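Visitor: quick one: sequence and predicted model below, then my questions.
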Amino acid sequence: MEVREQELSERFGLEKVRRKLALIEAALYVAGRPLDLKTLGSVINSRSKRKIKMLTGALMKEFENRNTALEIIELEDERFVMQLKAEYTPRVRRLAIRPLLTVGPLKTLSYIAYRQPVSQTRVIDVRGHHAYNHLKQLEELGLIHRERIGRTKVIETTEFFADYFSLSHDMRTMKKQLKSIFGEFAKPES
Amino acid sequence: MEVREQELSERFGLEKVRRKLALIEAALYVAGRPLDLKTLGSVINSRSKRKIKMLTGALMKEFENRNTALEIIELEDERFVMQLKAEYTPRVRRLAIRPLLTVGPLKTLSYIAYRQPVSQTRVIDVRGHHAYNHLKQLEELGLIHRERIGRTKVIETTEFFADYFSLSHDMRTMKKQLKSIFGEFAKPES
Amino acid sequence: MSSTVGKPFYFQPPWNILFELHKLRKVRPWDVNIAFLLTSFVEEMEKRGDVDFRASGVALDSSSLIYLMKSKLLLKLEEPPAPPKPPPDFLPPPLFLPLRYELTSTTIQHLLDALDEVLKGERLPALKPRLEPILPPPPEFLPPIDLYLMEIEKQMEKLYRSLLRFADKERLVVFSKIVAELEKLEAVKTFIVLLFLAQSDKVSLWQEENFSEIYITLCEVQPIGGQGTGII
């Protein structure tokens, strides 16, 4: 048994620790995106950052030892994510057949990401009235966030959006990233 | 090491086997739906059904031994799927990206599964008028099928439903399976 | 029967049921023989030679009430018996869908493809001349606005003069009198000019109720068009 896990087991009881590790694994698996300590804590009913970090660390180590296709990694801002090891991605990528979004909502999302913070009126102006439905769907999926400011609604993308497309959480940096990738992409092919 | 895996390792070389197991794990993780032997074979470049079954069986066993939150199960028609063990669902379902069905429609679905083939009138009688919406949602998701027979509509669950819940396609067997599931559910949580 | 001394006979059984209606709630209406009660009540009264019409009235009233109760019971018997309630069906607990992570196929490349399309669309509306909302065409009875304004002074003067003609000693005119012989459109025009007059304090308008007659009071005797009558 791993030293860290052993230390935890001695302190909290083996069965309890195994259950908590499994719950953290369950949360990371189901979310498919980075989760912060608070969210992980809410799953195991704990507010002790130290304890949550220790448990997640132990799980990370366990995954390392298993040496399989999945890994749990810690991001800079104390968030953890379960993911497929990069080396396996090319072989199985084609099995992902369901898009996150259909074309219409994806267009609306891309426009918001590029122009954010952007007023709902402008989005509807550019994307048409059917975009009201897109906005609802995007909000439900946790990709955008709408805030009422005065008489208008202002829309921004969420952290989940940034995580999904591996973009920065900082809006300015994200827009620069998008512009630079977009610039490269928009160049005519040689 | 598990006997099966050992046998495989002796025959194909340990490293190779580990890599193939990881590839199958990667495929099942990424797909999030049942995969048949052919698809799994395409990932590990094999056409031998026996070999693919042996390897996937070994991976299944490995998951069982790990005793964690995830499981790989075999469906009736030689298809395999990776999923979260049901016992962890209530604690982490709120973290899933896609909006899942809420408790109301799920109750209507359980009732249909338990009583099928069942008339729409009876479902509405038991579940109330709001269940019309549930039926629409469940039909859209491909979980139920409504057929007009004379003046009434008769509802059954679909094969997709059976797959999703890893239940038998045979209605009688499925009902038996469901009874045992409901029995377990009815136990108070410890 | 010392306790009943002084009390009329009908306060004793069996007739008391007709005079103490609260007791009716405790008996089954079918157990009350109205015919017997009423006949014996009349006989007893005749026997005693003390005819009390008020008591007779009360007895009749009570009898009809008992009769009504009997009828209601009869009707109730006619109603089909309520079907036995089926035992509530077993409601299994909700089936929670197994949770499976699924890698979605949307990549940043798709996002950028979509963005390219959208930005093209965004430029298009910018190029198109923006359509100003078109005002509905002015009603045909209104001449072009500047012409109308040029003429308004003349119109006001004309109307003021006719008001003077119609006004009584108290300088009061009723609106209906001025427009009595005018076409509908002309009447509307007159009313608009009247509003201009009111706005420049040449007249004051009042009404007792909405939609009732409009009264016009002339504020000055001098006709418009004279000196210092710059209107508008």
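Guide: Structure's in. What do you need?

Visitor: from here on, contacts and neighbour counts on C-alpha atoms
Guide: Will do.

Visitor: count the residues that sit near residue C:190.
Guide: 19 (other CA atoms under 10 Å in any protein chain shown).

Visitor: for it, give me its contacts.
Guide: Residues near residue C:190 by CA atoms under 8 Å, 6 or more residues apart in numbering or on different chains: C:159, C:179.

Visitor: buried ones in the helix or strand that contains residue A:172, by neighbour count?
Guide: Residue A:172 belongs to helix A:171-186 when elements are defined using DSSP states H and E. Within helix A:171-186, the residues scored as buried using 16 or more other CA atoms under 10 Å in any protein chain shown are A:171, A:174-175, A:178, A:182.

Visitor: and those near chain C, which?
Guide: Restricting the buried residues of helix A:171-186 to those touching chain C (CA under 8 Å from any CA of the partner chain) yields residue A:182.

Visitor: which single one of the buried residues of helix A:171-186 is nearest to chain C?
Guide: The nearest member of those to chain C, counting by CA to the nearest CA, is residue A:182 at 6.3 Å.

Visitor: so how far is chain B from that closest one?
Guide: Applying CA to the nearest CA, to the nearest Å, the value for residue A:182 to chain B is 26 Å.

Visitor: wait, isn't that residue in contact with residue C:112?
Guide: Yes: between residue A:182 and residue C:112 a contact is recorded at 6.3 Å, counting by CA atoms under 8 Å.

Visitor: packing partners of the lengthiest helix in chain C?
Guide: Longest helix of chain C, by residue count under DSSP state H: helix C:53-78. Packed against helix C:53-78, as judged by 3 or more CA pairs under 8 Å, 6 or more residues apart in numbering or on different chains; DSSP states H and E, are the following elements: helix C:16-19, helix C:34-48.

Visitor: end-to-end on stretch C:84-91?
Guide: Stretch C:84-91 has its terminal residues 20 Å apart, counting by CA to CA, to the nearest Å.

Visitor: what do you get for stretch C:18-31?
Guide: End-to-end for stretch C:18-31, by CA to CA: 13 Å.

Visitor: now it: average pLDDT?
Guide: Averaging pLDDT along stretch C:18-31 yields 77.

Visitor: flag every buried residue along it.
Guide: For stretch C:18-31, the neighbour count (16+ other CA under 10 Å) marks C:18-19, C:24, C:29 as buried.

Visitor: how about the contacts made by residue A:59?
Guide: Counted by CA under 8 Å, 6+ apart, residue A:59 has contacts A:21, A:25, A:72.

Visitor: isn't there a strand covering residue A:145?
Guide: Yes: counting by DSSP: H, G, I helix; E, B strand; the rest coil, residue A:145 is part of a strand.

Visitor: now for residue A:138: which residues touch it?
Guide: A:105, A:109, A:144.

Visitor: same thing with residue A:156?
Guide: By CA under 8 Å, 6+ apart, the neighbours of residue A:156 are A:112-113, A:116-118, A:144-146.

Visitor: mark which of those are buried, thanks.
Guide: Using 16+ other CA under 10 Å, the buried members of the contacts of residue A:156 are A:112-113, A:116, A:118, A:144-146.

Visitor: ok, those vs chain B, which is closest?
Guide: residue A:144 (13.0 Å).

Visitor: distance of that closest one from chain C?
Guide: 14 Å.

Visitor: do you know the pLDDT at that residue?
Guide: Looking at residue A:144, its pLDDT stands at 94.

Visitor: next one: phi and psi at the residue lying closest to it once chain neighbours are set aside?
Guide: Excluding its sequence neighbours, the residue lying closest to residue A:144 (CA to CA, 6 or more residues apart in numbering or on different chains) is residue A:157, at 4.2 Å. Main-chain dihedrals, residue A:157, degrees, to the nearest 10: phi -80, psi 160.

Visitor: quick one: list the elements packing against the helix holding residue A:172.
Guide: With contacts taken as 3+ CA pairs under 8 Å, 6+ apart, helix A:171-186 sits against helix A:103-115, helix C:108-127.

Visitor: in a helix, residue C:182, correct?
Guide: No: counting by three-state DSSP, residue C:182 falls outside a helix, being coil.

Visitor: tell me, how many residues neighbour it?
Guide: Other residues close to residue C:182 by other CA under 10 Å number 13.

Visitor: need the contact list for it.
Guide: Counted by CA under 8 Å, 6+ apart, residue C:182 has zero contacts.

Visitor: need the pLDDT of it.
Guide: You'll see residue C:182 listed with a pLDDT of 82.

Visitor: now the phi/psi pair for it, please.
Guide: Per-residue torsions, residue C:182: phi -90, psi 160 (degrees, to the nearest 10).

Visitor: test my guess that residue A:119 contacts residue A:152.
Guide: Yes: with contact defined as CA under 8 Å, residue A:119 reaches residue A:152; the gap is 6.7 Å.

Visitor: can you tell me how far residue C:199 is from residue C:205?
Guide: 10 Å.

Visitor: who's more crowded, these two?
Guide: Neighbours per residue, other CA under 10 Å: of residue C:199 and residue C:205, the larger number sits with residue C:205, 19 against 14.

Visitor: how about the contacts made by the more buried one?
Guide: Neighbours of residue C:205 in contact, by CA under 8 Å, 6+ apart: C:198, C:214-217.

Visitor: what number of residues lie near the nearest residue in space to residue C:198 that is not next to it in sequence?
Guide: Excluding the flanking residues, the one nearest residue C:198 by CA to CA, 6+ apart is residue C:204, at 5.4 Å. Close neighbours of residue C:204, defined as other CA under 10 Å, add up to 17.

Visitor: how about the residues of chain C by chain B?
Guide: Residues of chain C lying near chain B by CA under 8 Å from any CA: C:89, C:91-103.

Visitor: now, the most widely separated pair of the residues you listed?
Guide: Farthest pair in those (CA to CA) is C:89 and C:103. Separation: 40.3 Å.

Visitor: when those two are compared, which one has more neighbours?
Guide: residue C:103 (22 against 11).

Visitor: show me what contacts the residue nearest to the spatial centre of chain A?
Guide: The structure's chain A has its C-alpha centroid closest to residue A:33; by CA atoms, centre = their mean the separation is 3.3 Å. With contact taken as CA under 8 Å, 6+ apart, residue A:33 is in contact with A:81-82, A:160, A:163-164.

Visitor: on that earlier part again, can I get the contacts of residue A:138 in a markdown table including distance to residue C:48?
Guide: Shown next, in a markdown table, are those (distance: CA to CA, whole Å):
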| residue | distance to residue C:48 |
| --- | --- |
| A:105 | 100 |
| A:109 | 103 |
| A:144 | 98 |
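
Visitor: ok, back up a step: identify the farthest-apart pair in the contacts of residue A:156.
Guide: Using CA to CA, the contacts of residue A:156 span at most 12.8 Å, a distance reached by A:113 and A:146.

Visitor: so which bits of chain A are right by chain B?
Guide: A:18, A:22-23, A:25-27, A:29-32, A:43, A:68-70, A:84, A:88-89, A:91-93, A:95-97, A:140-142.

Visitor: can you select the buried ones among those for me in ChimeraX?
Guide: Here is the ChimeraX command that selects the buried residues among the residues of chain A next to chain B (16+ other CA under 10 Å):
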select /A:18,22,23,25,26,27,29,30,31,32,43,68,69,70,84,88,89,92,93,95,96,141,142
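
Visitor: now do the helices in chain A.
Guide: A:3-12, A:14-31, A:37-43, A:49-66, A:89-92, A:103-115, A:120-127, A:131-140, A:159-164, A:171-186.
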